[in-house]
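**Q** coords below, sequence missing:
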């Protein structure tokens, strides 16, 4: 039983890590809070669902389509609504972003309810069979979501370490003005990183759509998990989001089983509060 | 001169604005409908509530309204939150021209709204808010056509004992409805010697695997798992129970007939076969003529059959219209007084409100519970097999 709980916690934790990573980009590169992050999870879920049900795409195309679609929407949102933060030198960029992204959250939810209706959607199972891992039976969908999430996180970590663009993002995270002086185009990197952050959320939504379903408000809980991962892992740290996501997934699963299932979500919240109190920089963030 | 002229114009404009509206207000009777129409409330069901009330009001207005006046619907969204529900109720009732309110859904919200309705003296009718406390408070202004938790538990347990079940699990959302239902079921079942495992979960939970694993680890294993929720977990639990190997050995039993919702088969898939569905309607239950009419009208207008709670809600709108006619007034206090003497041929029975103490206060007790079983994939609700009584 313990092993089964660990494996399940690991699988869900990797999806949390993917969600949290998107926020790492937004807060690190754009230096803002994004309340609408969970809505891109929802949009990604719907894109995967309709790609498969309306256009008959297989899941291995539907998920990239969802990522591409949410990248595009994220980039457009940045260009239209968030770019004034760096083009017009807004005095209170954090408050501006708070209000703007909260308005986006409401807009996307209402629009989704209007367009897609209130009922739940579920794409056909990506992997319809159960798999056995170390003697533990686990759904193929869950294994796939965990593996693909891990691949995306690790792939992105490699990209950021080795590529010029990745170096530029790290430079912005370390010193905004310093990066500008070094020739980094803040405007361009902002929309790209915003698009990428949204694509990561979209990927998470698309991957778990057959497990956790899709409906207009399904982004609410993943948004909270993303912030918990960000707080526990630390600002600007990809390793942090990976470790924090896994920690959160495993702790929640074990806590719900051994302590009380009623407080499953509270466990993650308590973890976040403890980190904020005693280690506010998170596991791998800088003080 | 100029100032005088300006004041005259303002006075005349205000008179034009006020007088016609005042006259028009006398030509309508206002009925309030408050339901969850946005998240985190169960707005799926809220939409069905509003559609049902709209249909009833359309029919009444097509026949000339009540007391020669058109019925005007005043809608409000409680978003499934008590604080929002209270504000919505206050805003709805403050002008003092609403005769009654219907459509309330979440018990936790209705419990808060009941205090407002009672204070403002406007009758509030409940069609499917199950918490015993809603009528156990003995408010003069709360009326319930639908069932309540301890009634449902007392109707469900005879089925469980007849089938010989010795051990059951109840998995429930930690809300007024879920906790109340679980407590009622535990009390009734344990009194009959049935062992009950109770597993709570937060209402908005999407992943119930820890809870199901907890049940799976129990000894003796549960033979039936009763699901008490209105949120996404009602779909997640059957799927995850099958995935984790708890079901189908442990039968899945719902607490209400959400299996009729259009998304049920898409989301639950073949895991839905074998589900036990307690319901207050059945082919064995002869619908009254009003019930047959409502079923046809709803299906024709909205393209799907109404769930059972829609019948109770439709009854409520008609009962309010009937009370207004008998009171010869739309004044809420007079309507409330007339509700006491209600004897109405509803959709599923003759509706009267009883007062016997406890939650049986301004409560209709004419419900009959059937237990149905889904026997085939994508089976229509009218084809479910009735296995009890």
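**A** Happy to help now that I have it. Since we're looking at a predicted model, the values are computed, not measured.
**Q** surely residue A:131 meets residue A:141?
**A** No. Judged on C-beta atoms under 8 Å, residue A:131 makes no contact with residue A:141 at a distance of 9.8 Å. From N, CA and C alone the C-beta is placed, and that goes for glycine too.
**Q** more neighbours, these two?
**A** Set side by side, residue A:131 and residue A:141 show more neighbours around residue A:141, with 25 against 14, by other C-beta atoms under 10 Å in any protein chain shown.
**Q** Count the residues that sit near residue 188.
**A** All of this is about chain A. 11.
**Q** Switch to chain B, please.
**A** Counted with other C-beta under 10 Å, the neighbours of residue B:188 add up to 21.
**Q** Quick check: what element follows the least confident helix or strand in chain B by mean pLDDT along the chain?
**A** Taking mean pLDDT, DSSP states H and E as the measure, the helices and strands of chain B show their lowest mean at helix B:2-26, namely a mean of 55. Remark: after helix B:2-26, the chain's next helix or strand is strand B:28-35, criterion DSSP states H and E.
**Q** Let me see the ranges of the strands in chain A.
**A** In chain A, the segments counted as strands under DSSP state E are A:130-133, A:136-139.
**Q** These: which one's closest to chain B?
**A** Smallest distance to chain B across the strands of chain A (C-beta to the nearest C-beta): 5.0 Å, for strand A:136-139.
**Q** quick one, what contacts residue B:94?
**A** By C-beta atoms under 8 Å, 6 or more residues apart in numbering or on different chains, the contact set of residue B:94 is residue B:120.
**Q** which residues of the chain score low on pLDDT?
**A** Picked chain A for this. The model of chain A has pLDDT under 70 over residues A:287.
**Q** Let me rephrase: I mean chain B.
**A** Low-confidence regions of chain B, defined by pLDDT under 70, span residues B:1-26.
**Q** Give me the most central residue, it.
**A** The central residue of chain B, meaning the one whose C-alpha is nearest the mean C-alpha position (C-alpha atoms, centre = their mean), is residue B:128 at 2.3 Å.
**Q** May I have the secondary structure class of that one?
**A** Here residue B:128 is recorded as coil under DSSP: H, G, I helix; E, B strand; the rest coil.
**Q** which residue packs closest to it, ignoring adjacent ones?
**A** For residue B:128, ignoring the flanking residues on the chain, the nearest one in space by C-beta to C-beta, 6 or more residues apart in numbering or on different chains is residue B:309 at 3.8 Å.
**Q** In the stretch 51-200 of chain A, what residue comes closest to chain B?
**A** For the stretch 51-200 of chain A, C-beta to the nearest C-beta, closest residue to chain B: residue A:119, 3.9 Å.
**Q** count of residues packed around the residue of the stretch 251-389 of chain B found nearest chain A?
**A** Nearest to chain A, among the residues of the stretch 251-389 of chain B, is residue B:263, at 3.9 Å (C-beta to the nearest C-beta). Per other C-beta under 10 Å, the neighbour tally for residue B:263 reads 18.
**Q** and the gap between the residue nearest to residue B:128 and residue B:162?
**A** As defined by C-beta to C-beta, to the nearest Å, residue B:309 lies at a distance of 26 Å from residue B:162.
**Q** Neighbour count: those two, which is higher?
**A** Neighbours were counted for residue B:309 and for residue B:162 using other C-beta under 10 Å; residue B:309 has more, 23 against 12.
**Q** can you give me the helices in chain B?
**A** B:2-26, B:43-62, B:82-93, B:107-120, B:133-136, B:149-162, B:176-191, B:209-216, B:233-243, B:264-268, B:289-302, B:308-327, B:332-340 (DSSP state H).
**Q** Reformat those as TSV; add distance to residue A:254.
**A** Supplementary listing: the helices of chain B in TSV, determined by distance: least, C-beta to C-beta, whole Å:
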stretch	distance to residue A:254
helix B:2-26	61
helix B:43-62	33
helix B:82-93	32
helix B:107-120	29
helix B:133-136	35
helix B:149-162	32
helix B:176-191	24
helix B:209-216	8
helix B:233-243	17
helix B:264-268	28
helix B:289-302	45
helix B:308-327	38
helix B:332-340	53
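**Q** how about those, which one is nearest residue A:152?
**A** When those are compared for distance to residue A:152 using C-beta to C-beta, the nearest one is helix B:209-216, at 22.9 Å.
**Q** helices and strands around the closest one, which ones?
**A** Applying 3 or more C-beta pairs under 8 Å, 6 or more residues apart in numbering or on different chains; DSSP states H and E, we find helix B:209-216 packed against helix A:2-25, helix A:238-258, strand B:167-173, strand B:195-201, helix B:233-243.
**Q** Check the offset of the second one from the chain's centre.
**A** In this case it means helix A:238-258. For helix A:238-258, the gap between its own C-alpha mean and the chain's C-alpha mean amounts to 15 Å (C-alpha atoms, centre = their mean, to the nearest Å).
**Q** For residue B:372, list each beta-bridge partner.
**A** Note on residue B:372: beta-bridge partners by DSSP bridges are residue B:277, residue B:386.
**Q** ok, it - contacts?
**A** The neighbours of residue B:372, taking C-beta under 8 Å, 6+ apart as the test, are B:276-279, B:282, B:384-387.
**Q** Go again with 7 Å.
**A** If a contact means C-beta atoms under 7 Å, 6 or more residues apart in numbering or on different chains, then residue B:372 has B:277, B:279, B:282, B:384-387 as its contacts.
**Q** Who are the contact partners of the residue of the stretch 101-250 of chain B found nearest chain A?
**A** Chain A sits closest to residue B:210 of the stretch 101-250 of chain B, with a gap of 3.4 Å, by C-beta to the nearest C-beta. For residue B:210, the contacting residues are A:253, A:256-257, A:261, A:264, by C-beta under 7 Å, 6+ apart.
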